[in-house]
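Asker: just to be clear, the model below is a prediction. Sequence and coordinates:
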Amino acid sequence: MRYAMAMDTKKCVGCSDCVVACQTENNVPHGYCRDWIVENVDGTYPELHLEIRSERCNHCGDAPCVRTCPTGASHIIEGGIVKVTHDECIGCGACIQACPYEARYFHPEGYVDKCTFCDHRVAKGQDTACVSVCPTRCLTFGDLDDPNSPVSKLLKSRKWKVNAPEAGTKPQVYFLI
Amino acid sequence: MKEELFVSGRNIPNIDPVLHIWHWQIPLYLFLGGLAAGLIFFATYFFITGKTDKYNVAVKISPIIAPIAIIIGLLALLLDLKHTQFFWQLYTTIRFESPMSWGAWTLGIVTPLSIIWPLLYLDDIIDYFDGKCKIITKFLKWVDKIIIGKCHIIKWIIKIARKYQKIMAWILLLLSIILGVYTGILLSAFNARPLWNTSILGPLFLVSGVSTGVAVIMWMARDHFEKISFSKIDLMLVAIELFFIIHMFMGYLASSEVQQEAAALFLGGEFTAVFWGFFVGIGLVLPALLELMELFGYKIPIAVPAFLILLGGLVFRFIMVEAGQLTRYLY
Amino acid sequence: MKKKTRRDFIKISAIGVGGLALANPVLDWVPSFLPKEKTPIDESKAERTPTICEVCFWNCAAFAYKGADGKVQKIIGNDSDLHSTGRLCPRGTGGVGMLYDKDRLKKPLMRVGAPGSQTFKEVSWDEALDYVAKKTKEVGEKYGYESIALLDHGTTAHHFEHLFKSFGSDNTAEPAIAQCLGAREAGFINTYGAGIGSPEPTDLRNSKCLVLIGSHIGENMHNGIVQDMSIGIDRGMTVITVDPRFSTAASKSKYWLPIKPATDLALLLAWMHVLIYEDLYDKKYVEQYTYGFDDLKNHVKKYTPEWAFTKTDIAPDLIRKTAREMANASPAVAIHPGRHTAWYGDDTQRTRAIAILNALLGSWGKKGGYYFPEKIHVPHYPTPHYPEPKWTWKDITKDKYKGAFTGVTNILIDASLPDTKLKHKIKAWYITATNLIQSIPDQEKTKKAIQNMEFIVVVDTMPSEITGYADVVLPECTYLERYDYLRTTRHKEPQIALRMPAVKPMYESKPGWWIAREIGLRLGLEKYYPWKDLEEVLDWQLKQVGTSLEEMKKIGVKTFDREEALFLEDGEEYFFNTNTGKIELYSTDLDAMGYDPMPVFKEHPQPEDGFYRLIYGRVPMHTFGRTINNRFLNDLRSENHLWVNPKVAKLLYLEPGQEVWLRNQDGVVSSYPVKVRITERIRFDSVYLPHGFGNKAKQMKTAYGKGAADWELITKVLIDDVTGGTGMRSNFVEILTDNPNNEEVKA
């Protein structure tokens, strides 16, 4: 199993529903977030291009955060989901320094917190909170090892890119362009 | 025109503008770790090579600074941990891929050994400070009388240590190199910070750490031979450091765009003045010149170059930690 | 041999890492006194209650889920609901923030001492309600109950409308009509004999072409439409967006027409010209269903694309190309009616042009165009007939604005002014769930009217600016703490939806129905309140349509069968509710009322040198001032930015993020500075400022003073001559780099 997410920049309107849904689902404290929206504008009026991306932890195939964690609090679970064990995290910040996507942050209680691909929902066969709420349905979550999963099909039929591939982390959030 | 902005999420104070999570504690810790590594390296090296008498201060006296530096450094590190109640989890596992993990274990062994070493020379140390500094002398005498005199376990440990001092020296020598390299590798293991992402950081930090150790020894040394010897060693280390620094920048400039951007911070960017002026200029070249002048017979108080070297080492680590956190792949 | 898959690779590397670590984790045990992580709630075990979102008018049905602590943890859309299809927008998802907003109104407040004094005291409900009833009676007996006006919004409005009708006033108006969609409704009523209504019945899921005229779907999160548009895009729908700003919708469009502001009607007329003179219109449809085609043909003859180019800056070629694109998609093409249509004072005529275009393309009543929405009739709980008011809003509105079909807020405000020329006067206001200071243009006039009122009562959940002008402030509980009437809106299938309290009202807040009823009882209107609480009413109503409160508490939404077809059959006979029984390309009603029977292009003023047209709009995470203090949503966006074209920025030496002030054509200066966003997304002759920011109510601590307020600068209002709606897009601003408010202090 290899979980991944495809994010369709052609459909996203940047409403940030994914951000709020994640916050209410995962008790993310006010002032913090596990996912966020980036907007890129290119061109000169009126020849313009706009790209909006909903970004989060890339659950990298080669996760530098897991590698640098001194206690094993950052670890990989079934499907390649990168997680942090609250009780093992000492709050050293090594993983935050190691992440090229800046996807991690210190929870106000001190431990490092991040997107979990809603593994508690996925385990029950549900979509992640952000995917299930997205009004434009621009987010697709699924198993890349299953060639018939919607996410596999999308990556086969559409052009895509990943963020900062040069960081060499094998990111698993794909942006359809 | 190109525009990139956060629509939402990241533009909140706790997350952005920059994930700047390491503050004064980490560079201080790296500095003190490097300093201790240098001190222990020379103490054990000259002990093993049988030059204890020639380098009296280096082997017997200055190692007392090492445990103090390490303990202050560890306290700084502990202060930096945000989930402090769980710090003990560091010692429930060894993760070889994580420099922080093997650094923690290295320190776990070095710290007690570095305390034992000066205890073996406590009398010499008391002699060294006697008449120079009352408080230290009094304290050391108290340690000698109460802790060593009344505590059998410590007495026994000292006995054992004396017996196997050569083995202990070998272990410490090895660990001091690991410790010195570790302070640099710690940073270079972080993929996401292009400035740190160079393997030369390990040897560079080792050399810089050793040179700060040398600075302390030559400052503390009393006889002219030891002073001049360490002054010469320091000159050599400065040369190596400059060589590494030039290589480091060559590496950045020949690398990916993000590393070129990282180098630009020092080549015209906001860290240019402080790096080349305070670190390379005042912290490396100036003390080297002073030492050269001394070699050619000018009278220069050794404390001046020593202090400058120490200051340079500290500034260097602050710059590297601060600037490294500014460099990034995205946004 | 088995191919080495990704899965194996992960396993191997996992083993590798595990092997490297010394038996990790060595111990799973952790001392129990150490802090624990808060885990997400289990939906299958959590208590859930149905609700209807009140964060905006779309009113999506949802379920509120409670955590173990009994607090509402999250709100998730109801899958059977056609408004949301189980997906709320960010504001709905963040609705919890409205419930637990610390700045909420908590207790009834009464102004202390003389009118105009600035202090309030907290009073008991009895004291507040007795006072409201006393003042209502006083004004009612002195000037007639008709002189009390209700300015309202949202679901709570129903409870107060009932109260008003019970004591004999029909002077009710929603800013949402005159300031927003009134013109659109009039435009379509005068064409099809039917308004658009809400949600807009566009069948975007099946459209081949969608045309947006200044409508920024995606920045307005009108949930169902946003979802449908996205599905349409997936299906390859062509989007054509007309907007001087490169809106999010424009970025999703095949054609973006960066129009010169205030010239939309020229483009619409030119499109008609192309469709007719290139023979592209749906001839069969037009022949069978429309009235006045030949008149229209003659009328638009002169409106060529070449002519339109001189007005709109859009190349004739592009006008033709887009018209053909629409015709190719016909009838599966929707020219969206928009929602906020109060722009330039000829708004009914402009939306009528949209209605006419849809008719030429044969999209009304067709798959991929407009469907016929249907609702289920839920009977009212039996109460006696309301008394007949001696005069109503019609008597002060209809002589001038003959096309008005409901109370017009700004006319009621005119009638409230001390020097009003209208034949009837308003003497007291009830205001529910609308912050009039922000929602009505020309705030100085609104304030003048306020000063002239004998009595103002505000019912709201938040201490918005308008509460500061009230004599009595009644704290209503939020939608998550109350029952309301059923949602029975029109849609593809008739549905009813229930809102019930997820938690008990917090503080001393009360549901709107309770407040209205208590005032009613104190006015001696017991006969209009033959029930104890709203549950009783709802249960009775639900039983009339074959369900029950008990069932609805479980399912939240119930769907009924349609009675009529969703679309017109090919060639089906159909009677439109107009004078001619046909779609009136030539409006006989408008003609009879003395208006242009067909839209005529009129020039609107353009900004002078140094001034820029102030375009306002939405950000998707806010319903204007209504959500601005919601911490979830405020975290997403706490302030607005002034969008400025790089050319303008260069001219004025502006830096990104620099704070500037705005001064409009009437010399009105913005109270707060606003940061500049230098972006290619806006035309050089305009600036853009999202609405709802620049809050001036100090009690709203999260939102206070952040960003700038466009509504302060909207002092020039162009009244729509048909409906009386307030066109707000003709305000021009200068960009000031020094704080002009300081200068005034110095002088």
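Answerer: Alright, I've got the coordinates. Numbers count the residues shown, from 1 in each chain, chains lettered A, B, ... in the order given.

Asker: ok, now how distant is the closest residue to B:Ile157 other than its chain neighbours from B:Lys51?
Answerer: Of all residues not flanking B:Ile157 in the chain, B:Ile116 sits nearest, at 6.5 Å (Cβ to Cβ, 6 or more residues apart in numbering or on different chains). Backbone N, C-alpha and C define where each C-beta goes, glycine included. The spacing between B:Ile116 and B:Lys51, counted by Cβ to Cβ, to the nearest Å, is 21 Å.

Asker: compare neighbour counts for the two and give me the winner.
Answerer: Per other Cβ atoms under 10 Å in any protein chain shown, whichever of B:Ile116 and B:Lys51 has more neighbours is B:Ile116, with 18 against 14.

Asker: quick one: secondary structure of that one?
Answerer: For B:Ile116, the assignment made with DSSP: H, G, I helix; E, B strand; the rest coil gives helix.

Asker: next, the buried residues of stretch C:499-514.
Answerer: Using 16 or more other Cβ atoms under 10 Å in any protein chain shown as the test for burial, stretch C:499-514 gives C:499-503, C:505-506, C:509-514.

Asker: and C:Lys135, what does it touch?
Answerer: Taking Cβ atoms under 8 Å, 6 or more residues apart in numbering or on different chains, we find C:Lys135 in contact with C:428, C:454-455, C:457, C:471-472.

Asker: which ones are touching B:Ser255?
Answerer: B:Pro194.

Asker: helices or strands up against the top helix by length along chain B?
Answerer: Ranked by residue count, the top helix of chain B under DSSP state H comes out as helix B:224-253. Helices and strands touching helix B:224-253, by 3 or more Cβ pairs under 8 Å, 6 or more residues apart in numbering or on different chains; DSSP states H and E, are helix B:201-220, helix B:257-264, helix B:286-295, helix B:303-326.

Asker: just the ones you listed: most buried one?
Answerer: Each of the helices and strands packed on helix B:224-253 was scored by mean neighbour count; the highest is helix B:201-220, a mean of 26, by mean count of other Cβ atoms under 10 Å in any protein chain shown.

Asker: centre of the chain to that one, how far?
Answerer: How far helix B:201-220 lies from its chain's middle: 7 Å, per Cα atoms, centre = their mean, to the nearest Å.

Asker: as a whole number, average confidence for that helix?
Answerer: Helix B:201-220 carries an average pLDDT of 92.

Asker: so which elements touch it?
Answerer: For helix B:201-220, the packing partners by 3+ Cβ pairs under 8 Å, 6+ apart are helix B:25-48, helix B:165-188, helix B:224-253, helix B:303-326.

Asker: just name the most buried of those helices.
Answerer: The most buried one of those (mean count of other Cβ under 10 Å) is helix B:25-48, showing a mean of 26.

Asker: now render the helices and strands packed on helix B:201-220 as a markdown table, adding mean pLDDT.
Answerer: Putting these into a markdown table (pLDDT from 0 to 100) gives the following:
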| stretch | mean pLDDT |
| --- | --- |
| helix B:25-48 | 94 |
| helix B:165-188 | 92 |
| helix B:224-253 | 92 |
| helix B:303-326 | 92 |
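
Asker: got those helices as TSV, with distance to C:Gly369 columns?
Answerer: Below are the helices and strands packed on helix B:201-220 laid out as TSV (distance: least, Cβ to Cβ, whole Å):
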stretch	distance to C:Gly369
helix B:25-48	64
helix B:165-188	62
helix B:224-253	60
helix B:303-326	55
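
Asker: looking at the ones you listed, which is closest to A:Phe117?
Answerer: helix B:303-326 (27.0 Å; Cβ to Cβ).

Asker: so that closest one versus helix B:165-188, what angle?
Answerer: Relative orientation of helix B:303-326 and helix B:165-188, computed by axes from the mean of the first three to the mean of the last three Cα atoms, to 10 degrees: 40 degrees.

Asker: look up how far chain B lies from the closest residue to C:Tyr616 other than its chain neighbours.
Answerer: Closest residue to C:Tyr616 apart from its sequence neighbours, by Cβ to Cβ, 6+ apart: C:Asp710 at 4.2 Å. Using Cβ to the nearest Cβ, to the nearest Å, C:Asp710 is found at 20 Å from chain B.
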